[in-house]
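Colleague: From the sequence below, what's the structure:
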Amino acid sequence: MRRHRTGLVLTLFIILAALTTGIPAAAAPASSTVVDALDRSAHPLRSVEPGGDTGDLRPLDRMIGDARVVGVGEATHSSHDFFALKDRVFRHLVEEKGFRTFALEAPWSTGLRLDDYVLHGKGDPRRIMREEFQRDYLWWNNTDYLRLLEWMRAYNVRHPDDPVRFMGDDFAWAGPELYDEVTRYVAHAHPGLVARFTELYRGLRPTQATGAYIDQYLKKPYAERREMAARTGEALRLLRQQSPGADRRAYDWAVQHATAVDQTARGYAFDFEDEQQLSAAMRYRDSVMADNVAWWAEHTGTKVLLSAHNAHVAYVPDDPAHYPRMQGAFLRDRLGDAYVSVGFTFYRGSFNATAPDEKVQRFTLGPAAPGSNESTLDRVRHQDYVIDLRTAPQPARPWLREARPTRSIGTAYPWPESDIALARSHDVLIHLHRVEAAALRDR
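Modeller: Residues are numbered from 1 along each chain as shown. You can find the predicted model right below:
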């Protein structure tokens with residue numbers, strides 16, 4: 001298995017984001033009849049930029065149908081066009097389909113801080129992004145997501161009784177706010193347990209910046225990380241044993257916060273140098289992200305646009321040996337047809353990623369290679385378009401279910417292309433002719 005290291009420490013979350021496979025053999029070019037069939041079912045997109053008329057997104061509305069959670073992917077972790085189009089689609093779904101939550105592949109506690117901003121105007125989003133989006137999450141500290149957050153806040157000022165919300169579904173970092181929320185609830189509802197929770201959480205509440213905390217955690221001995229997970233698990237078990245009392249909502253949120261604390265500790269309690277445990281860690285991460293999204297949708301009653309890498313919103317893994325099951329598959333298990341997966345492809349363009357020298361830089365790719373999925377998709381008459389993979393006509397349908405080389409770029413580059421069967425991975429596909437690298441902030 002290919003591994004990406006930061007210093008002397010195996011960086012689990014770069015491995016998670018830089019989804020890998022072996023280098024696939026080139027596939028034969030698709031016939032013109034496949035392109036003709038794609039032409040008949042492709043719906044052109046006017047723009048990736050938010051604002052203006054959104055009539056071109058109405059075909060996407062029909063494809064989404066009555067879904068409660070829509071996973072929208074990205075073929076790189078740092079291209080402006082993917083971020084901007086997600087912003088545009090979310091605004092449209094808020095206005096036309098009643099969606100109210102934007103969920104991001106970011107820690108639960110980070111989502112709570114940003115939710116406080118969009119709901120109540122608490123804090124400065126630039127500072128929150130700077131403090132929260134560090135290390136493996138630095139890609140989200142970009143101008144596109146800042147614009148989205150500011151739009152969400154402005155929307156809530158205009159619609160205080162029907163607000164939009166922000167959530168994070170990941171677990172690499174459990175901020176001090178989580179520990180404070182749990183212990184505050186315990187002190188109020190079960191004061192006799194305060195001493196026990198203080199003991200169980202001893203030394204766990206972060207006192208460092210996000211990136212430094214993750215670095216320090218990864219350097220801890222395996223046995224120490226397991227002991228920390230045992231303590232967070234005991235705290236969660238103890239809280240779950242208590243009666244909800246009169247305020248069921250407060251109890252449910254306290255349990256979820258304690259769950260998020262435990263998810264972080266348990267996510268680090270794997271031996272990342274052991275192939276089987278590393279594979280189990282990959283599976284655990286995607287299951288946790290799905291659990292958090294499903295919990296949020298159920299307890300807030302909102303429809304959710306879930307933003308993540310293509311692989312995380314997909315149904316099948318690119319590399320089953322190392323990534324056994326993806327978030328999209330877990331969500332389909334939980335929600336059935338109420339979950340819809342939307343993937344992205346691009347023909348050429350640029351993105352930000354970590355180079356072999358550990359520096360973040362901009363990479364530019366030329367036209368997709370012959371025999372790749374993108375080389376055929378770009379022969380459709382529209383430059384940018386959306387297509388329902390479930391209803392594509394013959395002979396495009398079997399072609400879409402065959403695996404062939406496809407760009408799937410995470411946080412590290414260069415990386416080999418993956419063999420991906422588009423229609424097995426997603427319900428809907430958005431193809432863009434060209435993308436440009438996102439503008440990262442504070443760099």
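Colleague: only C-alpha atoms for contact and neighbour calcs from this point on.
Modeller: OK.
Colleague: With just CA atoms, put the host helix or strand of Asn156 into CSV.
Modeller: Per DSSP states H and E: Asn156 is located in helix 143-158. Presented in CSV, the C-alpha positions along helix 143-158 are these (Å, rounded to 0.1, in the frame of the first residue of the first chain):
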residue,chain,number,x,y,z
THR,A,143,-12.5,32.0,-0.3
ASP,A,144,-15.4,29.9,-1.7
TYR,A,145,-16.4,28.4,1.6
LEU,A,146,-16.1,31.8,3.3
ARG,A,147,-18.5,33.2,0.7
LEU,A,148,-20.9,30.3,1.4
LEU,A,149,-20.8,30.9,5.1
GLU,A,150,-21.4,34.6,4.7
TRP,A,151,-24.4,33.9,2.4
MET,A,152,-25.8,31.4,5.0
ARG,A,153,-25.5,34.1,7.7
ALA,A,154,-27.2,36.7,5.5
TYR,A,155,-30.0,34.2,4.7
ASN,A,156,-30.6,33.6,8.4
VAL,A,157,-30.8,37.3,9.1
ARG,A,158,-33.6,37.5,6.5
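Colleague: after it, next one along is what?
Modeller: strand 165-170.
Colleague: Check which helices and strands that next one sits against.
Modeller: Secondary-structure packing of strand 165-170 (3 or more CA pairs under 8 Å, 6 or more residues apart in numbering; DSSP states H and E): strand 99-107, helix 108-120, helix 275-300.
Colleague: angle of the helix holding Asn156 against helix 108-120?
Modeller: 40 degrees (axes from the mean of the first three to the mean of the last three CA atoms, to 10 degrees).
Colleague: Just the buried positions in helix 143-158, please.
Modeller: Buried residues in helix 143-158, defined by neighbour count with 16 or more other CA atoms under 10 Å: 143-146, 148-150, 152-153, 155-156.
Colleague: State the pair within those that is farthest apart.
Modeller: By the measure CA to CA, Thr143 and Asn156 form the most distant pair in these, at 20.2 Å.
Colleague: Can you report how many residues lie near Asp333?
Modeller: When neighbours are defined as other CA atoms under 10 Å, Asp333 has 12 of them.
Colleague: how close does it get to Ile420?
Modeller: The gap separating Asp333 from Ile420 is 21 Å, by CA to CA, to the nearest Å.
Colleague: Repeat that for Thr232.
Modeller: From Thr232 to Ile420 the distance is 38 Å (CA to CA).
Colleague: And Asp87, by the same measure?
Modeller: Distance from Asp87 to Ile420, by CA to CA: 26 Å.
Colleague: swap in Gly65?
Modeller: 25 Å.
Colleague: who are the neighbours in contact with Ser350?
Modeller: 79, 362-365, 435-437 (CA atoms under 8 Å, 6 or more residues apart in numbering).
Colleague: Drop anything exposed from those residues.
Modeller: For the contacts of Ser350, buried by 16+ other CA under 10 Å: 79, 362-363, 435-437.
Colleague: For stretch 249-260, output the C-alpha coordinates as CSV.
Modeller: Extracted in CSV, the C-alpha atoms of stretch 249-260 (Å, rounded to 0.1, in the frame of the first residue of the first chain):
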residue,chain,number,x,y,z
ARG,A,249,-33.5,17.3,23.6
ALA,A,250,-30.7,18.4,25.9
TYR,A,251,-30.0,14.8,26.7
ASP,A,252,-29.8,13.7,23.1
TRP,A,253,-27.4,16.5,22.2
ALA,A,254,-25.2,15.8,25.2
VAL,A,255,-25.0,12.1,24.2
GLN,A,256,-24.1,13.1,20.7
HIS,A,257,-21.4,15.4,21.9
ALA,A,258,-20.0,12.6,24.1
THR,A,259,-20.2,10.4,21.1
ALA,A,260,-18.2,12.8,19.0
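Colleague: Which of Gly65 and Ile420 has more residues huddled nearby?
Modeller: Shown here are Gly65 and Ile420; by other CA under 10 Å, Ile420 has more neighbours (25 against 14).
Colleague: So what's the residue count around the residue nearest to the more buried one when sequence neighbours are not counted?
Modeller: Counting by CA to CA, 6 or more residues apart in numbering, Ala403 is the residue found nearest to Ile420 once chain neighbours are left out, at 4.5 Å. Ala403 has 20 neighbouring residues, counting by other CA under 10 Å.
Colleague: ditto for Ala321
Modeller: With other CA under 10 Å as criterion, Ala321 counts 13.
Colleague: cool, Pro206 as well?
Modeller: 16.
Colleague: right, and Gln383 touches Leu432 too?
Modeller: Yes - between Gln383 and Leu432 there is a contact under CA atoms under 8 Å: 6.5 Å.
Colleague: more neighbours, these two?
Modeller: The neighbour comparison of Gln383 against Leu432 (other CA under 10 Å) goes to Leu432, with 24 against 16.
Colleague: Could you tell me whether that one really is in a strand?
Modeller: Yes - Leu432 forms part of a strand when assessed by DSSP: H, G, I helix; E, B strand; the rest coil.
Colleague: Show me what counts as buried in stretch 277-288.
Modeller: 278-288.
Colleague: could these go into CSV alongside distance to Gly371 and pLDDT?
Modeller: Below are those laid out as CSV (distance: CA to CA, whole Å; pLDDT from 0 to 100):
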residue, distance to Gly371, pLDDT
Leu278, 32, 94
Ser279, 30, 95
Ala280, 33, 96
Ala281, 33, 96
Met282, 30, 95
Arg283, 31, 97
Tyr284, 34, 98
Arg285, 33, 97
Asp286, 30, 98
Ser287, 33, 98
Val288, 36, 98
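Colleague: could you dump the residues you listed to CSV with distance to Ala250?
Modeller: Compiled in CSV, those are given as follows (distance: CA to CA, whole Å):
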residue, distance to Ala250
Leu278, 35
Ser279, 35
Ala280, 32
Ala281, 31
Met282, 31
Arg283, 30
Tyr284, 27
Arg285, 26
Asp286, 27
Ser287, 25
Val288, 22
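Colleague: Please tell me how far the biggest strand by length in the chain is from the chain's geometric centre.
Modeller: Using DSSP state E, we find that the single longest strand of the chain is strand 339-354. The chain centroid and the centroid of strand 339-354 are separated by 13 Å under CA atoms, centre = their mean, to the nearest Å.
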